[in-house]
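Asker: Provided below are the primary sequence and the corresponding predicted coordinates.
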Amino acid sequence: MNEQFDIIIIGGGPGGYVAAIRAAQLGMKVACVEKRGTLGGTCLNVGCIPSKALLESSEKFEDATHHFAEHGIDGSVKLNLKQMMARKVDVVDKLTKGIEGLFKKNKVTWLKGLGTITGKNEVSVDGTKYAAKNIVIATGSAVTPLGGITIDEKQIVSSTGALELSAVPKHLVVIGAGVIGLELGSVWKRLGAKVTVLEYLDRITPGMDNEIAKNFQKILEKQGIEFKLGVKVTGANPSKSGVEVTFEPAAGGAAETLKADVVLVAVGRRAYTDKLGLESVGLTTNKRGQVDTNAHWQTAVPNIFAIGDVIAGPMLAHKAEDEGVAVAECIAGQKPHVNYNTIPGVIYTHPEVANVGKTEEELKGANVAYKVGKFPFLANSRARATGQTDGFVKILADAKTDEVLGVHIIGPQAGNMIHEVCIAMEFGASSEDIARTCHAHPTYNEAVKEAAFAVAGRAIHM
Ligand code: NAD
């Protein structure tokens, strides 16, 4: 038997590495097992970070090619995709190395290799055994496969391949109008591809407030993205001349085909527990493939915990990070809390879409009486000055108590703006509390203040 640790964390993504650092801060002897050559998991290596690097670069390109002229800036630009990709790689490299540095600083041991649970207090890393008082499973998620379609990461790609295309496809067909499909579809649309999104449901972004989703679809259509809703993709056949995608109406009917240069499969992700050895300690996964835990992130084996995408809840890096902090504190005997009702969700398209708390549909479903306050960016002076007037802020507040129950923003920098309401909700704020908090002028956030005023029917600038 090799070294003994207080905690061995399996997985070095945002859940795992954060848990490792927090546990080390609390004085524990910590190891984190990661089989990828770099730390940071899907998020840093092939998810959140490289996609945001390309979203930023492609937005600059879109601005330069379509919007500079209106600002009185003339001249032509041309795309250097190789440089754009090199910059993305550099951003990822610096951040993953940064985590390595944080591990060194906090004296966290990185065990490189595939981690498998081989006993209640034992983890094997590529065959070498280590003892652990506690084990934290933070193995994340993997792409959900789509029956009849083989991902080759060249012509038929997952998000990973879509971040590495060596040329702009003439026609990109995206399967799935969820977060990944719309973010990466936006990247390639801005760089010049024709983009068609095929979605099984009769709406985009399931789970999002309906009114916001409808508005979002209109904005994306205005940008040139085409949608075919209510269709089920049944196959994709690659050949030298491209990929033939077959789909049929979700309700049944005649099949149709579409020709694409590249197909992006973005139909969701599944909890990842391959070769984890759960069975060695009598653990099983639930019918969604997730590891079940109690409110303290503890599995049925009391010293084995699980956090992040591998357990229930939204598959979001920041949710995993908060659970990472909390699980380390639990193991240290503290009593942390994660408020799942105030976890924001952000789609980093242009404009961005952000939400926290309940949707209007959820409130209706739960028979909660609510009031709505809305304010459009068209009436926000900062948005007028920057020319980013698409979208609006929508605040849902309890009809009786005025407590803020949900906030949905589609608009410029929505992903940054949502946090003022996350904090407000964390402190149990009413819409009046937000309305009476001084907001700097001229800022996009004034639209949040105005929407809060609008809950009581007294927006000033509308
Ligand atoms: P998703 O669950 O967001 O969307 C998948 C979409 O595919 C759904 O709309 C679904 O109805 C559709 N679909 C399923 N089967 C289909 C079929 N056969 N034909 C057509 N459409 C079909 O999944 P995703 O976009 O792949 O993202 C995966 C996960 O990664 C999500 O949990 C997401 O939260 C997370 N993620 C988050 C961010 C972010 O926070 N900005 C970014 C990327 C990914």
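Answerer: Structure received. None of the values given here were measured: they were computed from a predicted structure. Numbering: from 1, shown residues only.

Asker: Show residues contacting stretch 250-258.
Answerer: By C-beta atoms under 8 Å, 6 or more residues apart in numbering, the residues outside stretch 250-258 that reach it are 173, 196, 198, 200-202, 230-232, 234, 244-248. Placement of C-beta: from N, CA and C, glycine included.

Asker: Those residues in helices, which ones?
Answerer: In helices, judged by DSSP state H, none of the contacts of stretch 250-258 are found.

Asker: Let me see the contact set for the residue lying closest to Gly13 once chain neighbours are set aside.
Answerer: Excluding the flanking residues, the one nearest Gly13 by C-beta to C-beta, 6 or more residues apart in numbering is Gly41, at 2.1 Å. Contacts for Gly41 (C-beta under 8 Å, 6+ apart) come out as Gly11, Gly12, Gly13, Pro14, Gly15, Gly16, Tyr17, Glu34, Gly47, Gly140.

Asker: let's see 6 Å
Answerer: In this structure, Gly41 makes contact with Gly12, Gly13, Gly140, judged by C-beta atoms under 6 Å, 6 or more residues apart in numbering.

Asker: Max pairwise distance over the contacts of stretch 250-258: which two?
Answerer: Taking C-beta to C-beta as the measure, these span a maximum distance of 24.5 Å, between Asp202 and Glu244.

Asker: Out of those two, name the residue with the larger neighbour count.
Answerer: Glu244 (16 against 10; other C-beta atoms under 10 Å).

Asker: Is that one in contact with Gly235, as I believe?
Answerer: No - Glu244 is not in contact with Gly235 according to C-beta atoms under 6 Å; the separation is 8.1 Å.

Asker: near the ligand, which residues of the stretch 1-150 of the chain show up?
Answerer: Leu146 (C-beta under 6 Å from any ligand atom).

Asker: Name the SS class of the closest residue to the ligand within the stretch 1-150 of the chain, please.
Answerer: The stretch 1-150 of the chain approaches the ligand most closely through Leu146 (5.5 Å), counting by C-beta to the nearest ligand atom. The assignment at Leu146 comes out as coil when based on DSSP: H, G, I helix; E, B strand; the rest coil.

Asker: Quick one: residues contacting it.
Answerer: Counting by C-beta under 6 Å, 6+ apart, the residues that Leu146 touches are Val265, Val267.

Asker: hmm, 8 Å instead?
Answerer: Counted by C-beta under 8 Å, 6+ apart, Leu146 has contacts Ile175, Val233, Val265, Val267.

Asker: Among these, which ones are in strands?
Answerer: Ile175, Val233, Val265 (DSSP state E).

Asker: just checking: which of the residues you listed also lie near the ligand?
Answerer: Among the ones in strands among the contacts of Leu146, proximity to the ligand is found for Ile175, Val233 (C-beta under 6 Å from any ligand atom).

Asker: and which of the ones in strands among the contacts of Leu146 is nearest to the ligand?
Answerer: For those, the nearest to the ligand is Val233 (4.0 Å; C-beta to the nearest ligand atom).

Asker: In the sheet, which residues pair with the closest one? Tell me.
Answerer: The partner list for Val233 in beta bridges (DSSP bridges) reads Phe247.

Asker: Distance check, it against Val291.
Answerer: 30 Å (C-beta to C-beta, to the nearest Å).

Asker: Please name the nearest non-neighbouring residue to Ile151.
Answerer: Using C-beta to C-beta, 6+ apart, the nearest residue to Ile151 is Ser158, at 5.2 Å.

Asker: Nothing else from me, thank you.
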